[in-house]
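Chemist: What follows is a predicted protein model with its sequence.
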Amino acid sequence: MKLLILDSGHAEYVSGKEAPDKSMREWEFNTDMQYRIKALAEKHGLSVYLTNPNPTKQDEMGLSKRADLANSYWQSKNKPTALFFSIHSNAYKNTFNEARGTETYVASNASQNSKNAAKYIQDSIYNTIKSIDPNAKDRGVKVSDFTVIYKAQIPAILEEYGFYTNKDDLKILKEYRKELAEATIKGICQYFSIQYIPSDSEKPEPPIDLNPPSVEEELYENCIVYSSDADENIAQILSWDLKDCIVVSLDIYKKGLGKNIYVIGNACQSLKGDYSFYGKDRWETLDMVIKYIKGN
């Protein structure tokens, strides 16, 4: 199991933190990027945990709490290889100005793995932005003891994709999120030493496997499948008590991802029996699995 913990900076009810022309708010950018990166990470076989999955209509979450959530979840999964990635966009003053660029932060107590991740991801994001705008600025890897990365017990970095107080950076933050997410996952794959597969790569469809993989071939002991945003929240809660577990959406689920398949909510109608536990709705599913966990 390889674990990516995503931390979407800020929440909707945080004042300020918006472009001078009010065309973008930071929390919205951070949240959108979080779910774009999550989808790409899961397609590359990474397990993903979100510290701040629902910032809509919420006030700010404490920085120490974010780190605590990350540390607790990592420990609950038996401390796998992991990366904590905090997502932000930058600002300088409250009017449009010339300050711009991409920068990645590590804390003063950063491990070499943190520094490696920062370099891989910084280089990948900057190179992508440079291909969009030749005048893009590389602000490099920097050191600052932001609470979320200083208190994280795993390799941790904080990303500032660009300045929403700069018109050129703001255009990229608003219009090129797909490219930014791809650049991010490319750097993340380099950190985890896994093959990066571009989303737009044209690959022939693999032949249908008429012989499902045996238990020995399963990638994870447990796999939780969901089909909606609401179901995903339940799936993440359930995963806290399951060892060696991956959480995936129905559209990317494949046979062989797990020995035990837990289906949340309406996804069970599509899988047609390819599961270990399910219920008529997400709450019944959750109740059934909790009873199963307590009995083992």
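Modeler: Now that the structure is in, tell me what you want to look at. Only a predicted model underlies this, so the values are computations on that prediction, with no experimental measurement involved.

Chemist: Do me a favour and average the pLDDT over stretch 1-9.
Modeler: Mean per-residue pLDDT for stretch 1-9: 94.

Chemist: ah, wrong one, I meant stretch 164-183
Modeler: pLDDT averaged over stretch 164-183 gives 97.

Chemist: how far does that stretch sit from the chain's center?
Modeler: How far stretch 164-183 lies from its chain's middle: 18 Å, per C-alpha atoms, centre = their mean, to the nearest Å.

Chemist: Touching it from outside, list them.
Modeler: Residues outside stretch 164-183 that contact it (C-beta atoms under 8 Å, 6 or more residues apart in numbering) are 18-20, 23-24, 26, 29, 32-33, 36-37, 40, 89-101, 124-125, 127-129, 132-133, 135-136, 161-163, 198-199. (Glycine included, C-beta is placed from N, CA and C.)

Chemist: From those, keep the buried residues only.
Modeler: 18-20, 24, 26, 29, 32-33, 36-37, 40, 89-91, 96, 100-101, 124-125, 128-129, 136, 161-163 (16 or more other C-beta atoms under 10 Å).

Chemist: residue contacts, Ile224?
Modeler: Neighbour list for Ile224: 235, 238-239, 242, 245-248, 261-264 [criterion: C-beta under 8 Å, 6+ apart].

Chemist: Just name the shakiest helix or strand of the protein by mean pLDDT.
Modeler: Lowest by mean pLDDT, DSSP states H and E among the helices and strands of the chain is helix 267-271, with a mean of 65.

Chemist: Where does Lys259 sit, in terms of helix or strand?
Modeler: Using DSSP states H and E, Lys259 falls within strand 258-263.

Chemist: quick one: average pLDDT of that strand?
Modeler: Per-residue pLDDT values over strand 258-263 give a mean of 80.

Chemist: That one - contacts with which helices or strands?
Modeler: Strand 258-263 sits against strand 220-226, helix 282-294, with contacts defined as 3 or more C-beta pairs under 8 Å, 6 or more residues apart in numbering; DSSP states H and E.

Chemist: Which residue ranges of the stretch 1-150 of the chain form strands?
Modeler: Along the stretch 1-150 of the chain, the stretches classed as strands by DSSP state E, counting those that start in this stretch are 2-8, 47-50, 81-90, 102-106, 138-143.

Chemist: Could you dump those strands into JSON lines with distance to Val225 added?
Modeler: Formatted as JSON lines, those follow (distance: least, C-beta to C-beta, whole Å):
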{"stretch": "strand 2-8", "distance to Val225": "18"}
{"stretch": "strand 47-50", "distance to Val225": "14"}
{"stretch": "strand 81-90", "distance to Val225": "22"}
{"stretch": "strand 102-106", "distance to Val225": "33"}
{"stretch": "strand 138-143", "distance to Val225": "37"}
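
Chemist: right, and the ones you listed - which one's nearest Gln190?
Modeler: strand 81-90 (11.1 Å; C-beta to C-beta).

Chemist: Quick check: closest non-adjacent residue to Ala70.
Modeler: Excluding the flanking residues, the one nearest Ala70 by C-beta to C-beta, 6 or more residues apart in numbering is Ile5, at 4.7 Å.

Chemist: what ranges do the helices span in the stretch 1-150 of the chain?
Modeler: Secondary structure of the stretch 1-150 of the chain by DSSP state H, counting those that start in this stretch: the helices cover 26-43, 63-76, 112-132, 147-150.

Chemist: Of all those, which one is nearest Gln190?
Modeler: Nearest of the helices of the stretch 1-150 of the chain to Gln190, taken as C-beta to C-beta: helix 112-132 at 4.3 Å.

Chemist: can you pull the buried residues of the closest one?
Modeler: So, applying 16+ other C-beta under 10 Å, buried residues of helix 112-132: 113-126, 128-129.

Chemist: Also stretch 148-158?
Modeler: Buried positions in stretch 148-158, judged by neighbour count with 16+ other C-beta under 10 Å: 148-152, 154-158.

Chemist: Out of the residues you listed, which comes closest to Ile194?
Modeler: Using C-beta to C-beta, Pro155 is the member of the buried residues of stretch 148-158 that sits closest to Ile194, with 15.2 Å.

Chemist: Provide a list of residues in contact with the closest one.
Modeler: By C-beta under 8 Å, 6+ apart, the contact list for Pro155 reads 82-84, 110-111, 113-114, 117, 191.

Chemist: The same query, at a cut-off of 7 Å, please.
Modeler: When contacts are counted by C-beta atoms under 7 Å, 6 or more residues apart in numbering, Pro155 touches 82-84, 111, 113-114, 117.
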